[in-house]
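Peer 1: Quick one, structure for this:
(one chain, ligands or ions: 1)
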Amino acid sequence: MKELWQLIKMLFSSKPGDFETPQLLPMKHYPFKGYRFMMWCGRMIYRVENKENIEKYMQTYAGKESMTHETIHLRQAQFAGSWVKYYWRYFIEWIKGNPIMHPASSAYYTIKYEMEAYANEDNPDYPVNYDGSNLSRYKIKSGRKKLYKSVGGTSKAWMAYIKTL
Ligand SMILES: [Zn+2]
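Peer 2: A predicted model of the protein is given here:
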């Protein structure tokens, strides 16, 4: 309960501009079991009992990609100006993607914020000098689910597609 309160407080007591890169933060009860990280308000939260594994993981290629991915989200949030604004816009995009209709995961993968982060997570220079001007490239005007299906309907096919944008 104490940690939940801490998480809620972060939303209002910190600003995206407070951080240059996401900060690793160990917690006792978050994220839920089975998850490596929970991204929240510029923190990459991990369970304290995984500390050793997390430190090893961050040195791997996949770990570095995760860090770049989350740094891109941090930059997007800095442009939004506050965590509340950013998460609200993110949430609305997810809802607009229709997370109920099949394939449900397309609602997540076609969020422009995710598309920008996935398309560029292999480039650690991308978040350096980020000015938000690329984000419009990943905005799909209509038919997100239709487009997702037309390029193959899987997250793998989608990852390949968004790199061409
Ligand atoms: Zn993401």
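
Peer 1: can you list the residues of the chain near the ion?
Peer 2: With Cβ under 5 Å from the ion as the criterion, the chain meets the ion at residues 114, 117. Any C-beta I mention is one placed from the backbone N, CA and C, and that applies to glycine too.

Peer 1: Show me what secondary structure element comes after the longest helix along the chain.
Peer 2: Identified as the longest helix of the chain according to DSSP state H is helix 61-80. Next helix or strand after helix 61-80 toward the C-terminus (DSSP states H and E): helix 83-96.

Peer 1: Quick check: buried residues in that following helix?
Peer 2: 83, 86, 89-90, 93-94 (16 or more other Cβ atoms under 10 Å).

Peer 1: neighbours of residue 123, just the number please.
Peer 2: Neighbourhood size, residue 123 [other Cβ atoms under 10 Å]: 12.

Peer 1: I figured it hits residue 68, correct?
Peer 2: Yes: contact status for residue 123 versus residue 68: in contact at 6.9 Å, counting by Cβ atoms under 8 Å.

Peer 1: on that earlier part again, need the buried residues of helix 83-96 in CSV (columns: distance to residue 109).
Peer 2: Formatted as CSV, the buried residues of helix 83-96 follow (distance: Cβ to Cβ, whole Å):
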residue, distance to residue 109
83, 22
86, 18
89, 17
90, 13
93, 11
94, 10
